[in-house]
Structures are given as structure tokens and as C-alpha cells.
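*Asks:* Quick one, what's the 3D model for this:
(one chain, ligands or ions: 1)
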Amino acid sequence: MEKVNILGIEYEIIKVPSISRDVYRVGEIHFERQEILILDTLSKDMAKVTLLHEVIHAILVNLGLTEDAGNENLVQGLAIALHQVIKDNKIISS
Ligand SMILES: [Zn+2]
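*Replies:* Residues are numbered from 1 along each chain as shown. This is a model prediction of the structure:
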């Protein structure tokens, strides 16, 4: 079972075939269950971007930045940017 530690809280990463019945979603975080759901059909890169997206939600919520946490454009922008910087710079990822 894969886990990610965000600010001292461990979240179990669960790959699932679908997430929401209402709107199309590729990831979702459940704070109360300490779980991050990731759509199991995503490519390796998109799964990582999605995980980073949920990690950023968790960071912002736990820092009390709830308004920013609800800004999906900000969260997704940071996720795609961080994914690129981490992937392309061994000094950060190693
Ligand atoms: Zn989001």
C-alpha cells in the first residue's frame, strides 16, 4: 500500500476505476479518511500530476489557506509546474 506523508499526516493512495458520479474527476482527497483517490486509467505522468494536485490541496488546507485551496486553477497550475520542475531537475528529485 502506497502512502504519502503531508505535513505529518499519512494518506493512503488508492487507485480506483471511477471517482465521482456527478462530475468527471481524476483525483480526490478525503481528509477524514486520510485517503487520496487516483483514477487508475491515468498515465504515469498524469497520475503524478494528480497526486501533486491533491498534495497541494492538503498543504493549503492544513496551512489554513482555504480560499487558495478552493482555487482549482491555482492548485492545478502549481501541480503541473512542480511536476515539471521535479521531473527535469535531479538536484530536487534525488
Ligand atoms: Zn482540485
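*Asks:* Can you give the distance of stretch 84-94 from its chain's centre?
*Replies:* Offset of stretch 84-94 from its chain centre (C-alpha atoms, centre = their mean, to the nearest Å): 17 Å.
*Asks:* got a list of contacts for that stretch?
*Replies:* 45, 48 (C-beta atoms under 8 Å, 6 or more residues apart in numbering). In this view, the C-beta of every residue, glycine as well, is placed from N, C-alpha and C.
*Asks:* Try it again at 7 Å.
*Replies:* With C-beta atoms under 7 Å, 6 or more residues apart in numbering as the test, stretch 84-94 has no contacts from any other residue.
*Asks:* and it, C-alpha only, in PDB?
*Replies:* Output of stretch 84-94 as PDB, limited to C-alpha atoms (Å, rounded to 0.1, in the frame of the first residue of the first chain):
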ATOM      1  CA  GLN A  84       7.900  19.600 -14.500                       C
ATOM      2  CA  VAL A  85      10.500  21.100 -12.200                       C
ATOM      3  CA  ILE A  86      10.900  18.000 -10.100                       C
ATOM      4  CA  LYS A  87      11.000  15.700 -13.100                       C
ATOM      5  CA  ASP A  88      13.500  17.800 -15.000                       C
ATOM      6  CA  ASN A  89      15.900  18.600 -12.100                       C
ATOM      7  CA  LYS A  90      17.700  15.800 -10.500                       C
ATOM      8  CA  ILE A  91      19.000  18.200  -7.800                       C
ATOM      9  CA  ILE A  92      15.500  18.300  -6.400                       C
ATOM     10  CA  SER A  93      14.200  14.800  -7.100                       C
ATOM     11  CA  SER A  94      17.300  12.800  -6.000                       C
END
